[in-house]
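S.K.: I would like to see how this sequence folds:
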Amino acid sequence: MNSPLFNEDLRDGLQEIANVAVGQTADKLARSFSTFVRMPIPKVHLLESVDIRMALGGVVDGDNATAVTQSFFGDGLSGEALLLISDSSSDELSRLMGYASANTEHEKLEHILEISSLLTASCIQSVHDQLEIDVLINHPVLLGQHTRIQDLFLDQELPWDKTLAIELNYTFEGFVLSCDLIMLFHQDALPVLFSKLELLLG
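M.R.: Predicted structure coming up:
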């Protein structure tokens, strides 16, 4: 299958799709937690594998974090979505979600998995709906806890030479908390993604 080359028109098209997904997800979070959600401006990057670790490592500004991943599959389009919550934000996350506190590591992790099921799945679903692709979203899985993000991948070979990344950062009024979401599309999925974008732009 021939694929259009990634260019500024495709980047702009994907950023507009991401903008819609951001708005829909922010609305869902605001209604779920009765707070104002500051909507992030999506950042779209085509990354070589050598740059992925560096890009992820800078997301939470050097703080240790917990990382949760959700994989998704649909009609030739597949990838992983990473949700990163810094250790310094974990108590605020529990407060946002209406819990009095998270007294154990297990409770903190449960709250992170819960927010991932809502925030990450909503973004993935919205992007695929706009591309008119049915998607299967797996349950969130813990990737690493209380660790530097760049260390998560030290002993792993990333399965692609390049990936397309959408980076989002959600913050919440009245809470010292940010949720960093990075959607990574598998290399083999890029021809399908670019072709779908080209059809929408045409």
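S.K.: Distance of residue 71 relative to residue 151?
M.R.: 21 Å (C-beta to C-beta, to the nearest Å). C-beta: built from backbone N, CA, C; applies to glycine.
S.K.: just to confirm, which helix or strand has the nearest residue to residue 130 once chain neighbours are set aside in it?
M.R.: Sequence neighbours aside, residue 17 is the residue nearest to residue 130 in space, at 4.9 Å (criterion: C-beta to C-beta, 6 or more residues apart in numbering). According to DSSP states H and E, residue 17 maps onto helix 8-33.
S.K.: Show the subsequent helix or strand relative to the helix or strand of the chain with the lowest mean pLDDT.
M.R.: Least confident helix or strand of the chain, by mean pLDDT, DSSP states H and E, is helix 49-57 with a mean of 67. Stepping forward along the backbone from helix 49-57, the first helix or strand reached (DSSP H and E) is strand 65-74.
S.K.: all helices for the protein, in order.
M.R.: In the chain, the helices defined using DSSP state H lie at 8-33, 49-57, 90-96, 105-130, 190-201.
S.K.: For these, which has the smallest mean pLDDT value?
M.R.: With a mean of 67, helix 49-57 has the lowest mean pLDDT of the helices of the chain.
S.K.: give the contact list for residue 6.
M.R.: By C-beta atoms under 8 Å, 6 or more residues apart in numbering, the contact list for residue 6 reads 46, 164, 190, 194.
S.K.: residues in contact with the first one?
M.R.: Spelled out, it's residue 46. So residue 46 contacts 6, 162, 163, 164, 165 (C-beta under 8 Å, 6+ apart).
S.K.: in the sheet, who's paired with it?
M.R.: residue 164 (DSSP bridges).
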